[in-house]
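Chemist: Any chance you could fold what I've pasted below:
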Amino acid sequence: MASIYKRGNLWWVAFVDANQEKKRASLNTDDEAFAKQLCRRMTAREVEIRSSGVTVESFGRQWIEERRRLGGRDIRNEEQRLRDHVFPTLGPVPLASLRASDLRDWAIEIRIANKVAPKTLRNIYGVLRTMIRSAKIAGFVDTDPCILTKAELGKNKDKDPAWRATAVFNRHEVVQLFSSPLIPCDRRIVNALAVLAGLRQGEVCALRWSDLEPRKPLVALMVSRSHDGPTKTESTRQVPVHPTLAMLLSQWRESGWCALMGRPPSPADLVVPTAKTSRGRAGRQRTMSMIYKAWTKDLGKLGFRKRRYHDLRRTFISLALADGARRDVLERVTHQALATRAIDLYTTLPWAALCTEVLKLDLRLAENKEQTALDGNYDKAVVVQSVHSGSQPPVLLGGFSGGGGSRTRVRKCAYSRRLRVCSIV
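Modeler: Below you'll find the predicted structure:
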């Protein structure tokens, strides 16, 4: 990019010519304003020469590949937003000639088509703005055209304003999702990890038995990775394991996991690996797509209306707050420190304080199968006495040898067919 500097009484310009060689030349003027005007013209010409043949789509694809090599987060979503919503309209436009008016027409066209929610449009625009900023740093763009406001993008709101109020499960539905025999054992555990520990979908995929750490009064779950790398916030948080979740995980490790894999688990094994299918061996890490497809099937089997898997995490927070948990402490369990204030980086709450708030969540297993099939007025399940009566908690972490009789249990359980009817309640 061209720049000016003063030598003696005259202004000079430094620039890169068409052969990519650095040059310097006198502007033969002592007027700073005139020198800046000449510099802007030379910069525009430099950008035009450098950007000839470079379109929004060609640069965008290179930009995605560079971010992938650097290990950026959310690459798949960024690529999808550009491919489906930006490239079809703005892709052929030369990058150097992209103007704010082009972006305005693009945004208004998407709003008129009404195919995406206003919030989604802002997410797409955010990816495009980041890409254009990178193009400007690389010298392909002289002026940043991403100056749109809510007048062009619309208000930041949901497409359906009423959905968010219903994006939560009641207690009866929650208990069904991690205890109903209509759902395979492994998928009950997948559901329980989200609704009893507040884990994100990708965090459930990557969870391993070694992430469970024995502590008092509750076992600690170390959440440090997601399905494709670090967590969303790229930080590690410690989640107290709710007694109901501890019982489910203990029974899953001792029987269901062995039935799925044909052997006892080791510390390095995934907590909820995939079963053997025609497409691959057992023990692989689940993908986000696998969880979503299984999730829609589970809702259909139970007769529940359609909701997102992420709404289990929303339910965990909502029910815990309703049961009296402190919002500021619970936030450390679900989101870690967001560092919005300096004091957040200097705050480490005692483990007992985190456990106290998680224990306030009143979600318990029913004592028998009949109590898991109550009507929609069901509020709170009957307590399993061994969970909250003060007796010893379930053995969740012991040696990973499978315990006595594990081979017999494995022989008695077939892998996939028996897994569908094997109850952990």
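Chemist: for the record, mean pLDDT for stretch 283-303?
Modeler: For stretch 283-303, the mean pLDDT works out to 90.
Chemist: From the rest of the structure, what touches that stretch?
Modeler: 173, 176-177, 180, 182-183, 187, 190-191, 201-202, 204-206, 227, 261, 269-270, 272-274, 305-307, 309 (C-beta atoms under 8 Å, 6 or more residues apart in numbering). Quick note: C-beta positions are derived from backbone N, CA and C, even for glycine.
Chemist: ok, now which ones touch Arg104?
Modeler: Applying C-beta under 8 Å, 6+ apart, the residues near Arg104 are 148, 152.
Chemist: Dump the helix or strand containing it to CSV, restricted to CA.
Modeler: Taking DSSP states H and E as the criterion, Arg104 maps to helix 100-113. Output in CSV follows, covering the C-alpha atoms of helix 100-113 (Å, rounded to 0.1, in the frame of the first residue of the first chain):
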residue,chain,number,x,y,z
ALA,A,100,-21.4,-0.9,0.5
SER,A,101,-24.3,-0.5,-1.9
ASP,A,102,-23.7,-4.1,-3.1
LEU,A,103,-23.9,-5.4,0.5
ARG,A,104,-27.1,-3.4,1.1
ASP,A,105,-28.8,-4.9,-2.0
TRP,A,106,-27.6,-8.3,-0.9
ALA,A,107,-29.0,-8.0,2.7
ILE,A,108,-32.3,-6.6,1.5
GLU,A,109,-32.7,-9.4,-1.0
ILE,A,110,-32.2,-12.0,1.8
ARG,A,111,-34.7,-10.2,4.1
ILE,A,112,-37.3,-10.1,1.3
ALA,A,113,-36.9,-13.8,0.6
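Chemist: Now do the buried residues in it.
Modeler: 103-104, 106-107, 110 (16 or more other C-beta atoms under 10 Å).
Chemist: Turn the residues you listed into CSV, including distance to Thr149 and pLDDT.
Modeler: Listed next are those as CSV, based on distance: C-beta to C-beta, whole Å; pLDDT from 0 to 100:
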residue, distance to Thr149, pLDDT
Leu103, 11, 94
Arg104, 10, 94
Trp106, 15, 94
Ala107, 10, 93
Ile110, 16, 91
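Chemist: Which residue ranges of the stretch 51-200 of the chain form helices?
Modeler: Ranges of helices in the stretch 51-200 of the chain, per DSSP state H, counting those that start in this stretch, are 56-69, 75-81, 87-90, 100-113, 118-137, 150-153, 163-166, 171-179, 185-197.
Chemist: Does the third one pack against any helices or strands, and if so which?
Modeler: Contacting helix 87-90 under the criterion 3 or more C-beta pairs under 8 Å, 6 or more residues apart in numbering; DSSP states H and E are the following elements: helix 56-69, helix 100-113.
Chemist: Tell me how far Met261 lies from Thr274.
Modeler: Per C-beta to C-beta, to the nearest Å, Met261 is found 10 Å from Thr274.
Chemist: Span of stretch 88-96 from start to end?
Modeler: One end of stretch 88-96 sits 18 Å from the other (C-alpha to C-alpha, to the nearest Å).
Chemist: Poorly predicted segments of the stretch 151-300 of the chain, please.
Modeler: Across the stretch 151-300 of the chain, the ranges flagged by pLDDT under 70 are 233-234.
Chemist: Okay, strands next: where are they in it?
Modeler: With DSSP state E, counting those that start in this stretch, the ranges of strands along the stretch 151-300 of the chain come out as 212-213, 220-223, 237-240.
Chemist: Including mean neighbour count, could these go into CSV?
Modeler: Below are these laid out as CSV (neighbours: other C-beta atoms under 10 Å):
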stretch, mean neighbour count
strand 212-213, 16
strand 220-223, 20
strand 237-240, 21
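Chemist: need the contact list for Ala14.
Modeler: 2-5, 22-24.
Chemist: can you check Leu196 too?
Modeler: 178, 242, 244-245, 248, 316, 361, 363.
Chemist: Closest one to Thr29 out of those, please.
Modeler: Proximity of the contacts of Leu196 to Thr29 (C-beta to C-beta) peaks at Phe316, which lies at 67.8 Å.
Chemist: just to revisit the earlier point, farthest-apart pair in the contacts of Ala14, please.
Modeler: Maximum distance among these (C-beta to C-beta): 14.6 Å, for Ile4 and Lys22.
Chemist: out of those two, which sits in the more crowded spot?
Modeler: Using other C-beta atoms under 10 Å as the criterion, Ile4 and Lys22 rank with Ile4 on top: 17 against 8.
Chemist: In which helix or strand does that one reside?
Modeler: strand 3-7.
Chemist: who does that strand pair up with?
Modeler: Take DSSP bridges as the rule and strand 3-7 pairs in its sheet with strand 10-16 (antiparallel).
Chemist: Could you list the domains of this structure?
Modeler: Following automatic domain parsing, one finds the domains of the chain at 3-51, 56-161, 165-420.
Chemist: which of the residues in the strand holding Ile4 are buried?
Modeler: In strand 3-7, counting by 16+ other C-beta under 10 Å, buried: Ile4.
Chemist: Use 518 as the first number for this chain going forward.
Modeler: Taking 518 as the first residue, the last one we looked at is strand 520-524.
Chemist: now that strand: how far from the chain's centre is it?
Modeler: 48 Å (C-alpha atoms, centre = their mean, to the nearest Å).
Chemist: what do you get for stretch 691-710?
Modeler: How far stretch 691-710 lies from its chain's middle: 21 Å, per C-alpha atoms, centre = their mean.
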